[in-house]
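> based on what follows, work out the 3D shape:
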Amino acid sequence: MKHATFRQLKVFESVARHLSYSRAAEELYLTQPAVSIQVRKLEEHAGHALFEQFGKKVYLTAAGAELLHISRTILQQFEAAEAAMARLKGVTGGKLNVGVISAGDYFFPRLLVEFLGRHQGVQLNFSVHNREGLLGHIADNLVDLAVMVRPPDDLDTINEPFAPHPYVVVAPPAHPLAARRGIALEEVMREPFIVRERGSDTWKSMQEGFGGDVSGLNVAMEIRSTETIKQAVMAGMGLSFLSAHTVTRELASRSLCVLDVQGLPLMLHWYVVHRCSKRLPPVAQAFREFLLGDGAALIGQAVPFAVPSRQEEAPVSA
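Purely as a prediction, here's the structure:
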């Protein structure tokens, strides 16, 4: 193993995390053949096969599982060294390593542009995930900061709210319920619904907004893409429960409308999250303070939505 390279370990760790050569290639901005070559070279150095494939599924071998644990330790040491050097640079010249759930990509780039404009020379490593993927990045120490709606309750994290995040039921403007006021939740749930996948942040929020029980919900379709869901709702295929931040353009153009449902909107919050034991480099600390100080106002400008006055403060948890 003495001839193995950092690049080979990094490629191997990505393939092992995704159990997919193609997803690793996408993450690392490499071609799939280039990923395969790096893994094959590492296997030659190790003297063992690190993966085995049955059909289209990739699995770690016993040797691969052992090397994955060691590789992550090595990669984390490199990251620690990089962070230590970044701390010596301060904010300018530092590297901001941040991840966000998919609903955030409707406004988060604007926040990044504003922050980068205030701090010239900052390098950016920015990634978008579903909740499960982002939690994995936090657990594996692959991000310094994470921006999400539902912080983890099984990790040692500090979770700080910085902006409101409303969820609403949307419909096409011509829907019979569009002109109604104070619609009962039970009546809405009988309508055909187009929903995000089970386990997603939006699905969990819908469960909360609908009183914790969605067994009576009339699910017409389950789709992983918010953009596709919006198109389906505009086409009259059903209603949907979505983050208000994802539909502001459609509301402005009147291609969608928000139904006036009793008990809604569901008012949640955006949180900035990091591990309790994480020693944040200056650039990450500066971005955290930027979100806590200016995040709510900037999100309000990017994706305006009338927040009800009954909004409550969200707790900070550690």
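
> what about F193, how many residues close to it?
Neighbour count for F193, taken as other CB atoms under 10 Å: 24. C-beta: built from backbone N, CA, C; applies to glycine.

> okay, and the beta partners of it?
When assigned by DSSP bridges, F193 has beta-bridge partners V219, L239.

> what residues does it make contact with?
Contact criterion CB atoms under 8 Å, 6 or more residues apart in numbering gives L217, N218, V219, A220, G238, L239, S240, F241 as the residues in contact with F193.

> then D105?
If a contact means CB under 8 Å, 6+ apart, then D105 has V128 as its contacts.

> what residue lies at the spatial centre of this structure?
By CA atoms, centre = their mean, the mean C-alpha position of the chain lies nearest to I101, the distance being 1.7 Å.

> so which strand or helix has S36?
In this structure, S36 is located in helix 32-46 according to DSSP states H and E.

> identify each buried residue in stretch 22-31, please.
By neighbour count, and taking 16 or more other CB atoms under 10 Å as the criterion, the buried residues in stretch 22-31 are A24, A25, E27, L28, L30.

> columns secondary structure and pLDDT on top of these, output as a markdown table?
Compiled in a markdown table, these are given as follows (DSSP: H, G, I helix; E, B strand; the rest coil; pLDDT from 0 to 100):
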| residue | secondary structure | pLDDT |
| --- | --- | --- |
| A24 | helix | 93 |
| A25 | helix | 93 |
| E27 | helix | 90 |
| L28 | helix | 91 |
| L30 | coil | 92 |
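
> quick check: the farthest pair among those residues?
Across the buried residues of stretch 22-31, the two members that end up farthest from each other (CB to CB) are E27 and L30, 8.7 Å apart.

> what pLDDT, on average, does stretch 59-68 get?
Confidence for stretch 59-68, expressed as mean pLDDT, is 94.

> please save the CA atoms from it in CSV.
Taking Å, rounded to 0.1, in the frame of the first residue of the first chain, the C-alpha atoms of stretch 59-68 are listed here in CSV:
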residue,chain,number,x,y,z
TYR,A,59,-20.8,-4.1,-2.9
LEU,A,60,-17.7,-3.7,-0.7
THR,A,61,-15.6,-6.8,-0.1
ALA,A,62,-14.3,-7.6,3.4
ALA,A,63,-11.0,-6.0,2.3
GLY,A,64,-12.8,-3.0,0.9
ALA,A,65,-14.8,-2.5,4.2
GLU,A,66,-11.5,-2.6,6.2
LEU,A,67,-9.8,-0.1,3.8
LEU,A,68,-12.7,2.2,3.8
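
> would you mark the buried spots in it?
Neighbour counts using 16+ other CB under 10 Å place L60, G64, L67, L68 of stretch 59-68 among the buried residues.

> narrow the residues you listed to those in strands?
L60 (DSSP state E).

> now the buried residues of stretch 59-68 in a markdown table, with distance to K278?
Supplementary listing: the buried residues of stretch 59-68 in a markdown table, determined by distance: CB to CB, whole Å:
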| residue | distance to K278 |
| --- | --- |
| L60 | 27 |
| G64 | 28 |
| L67 | 25 |
| L68 | 22 |
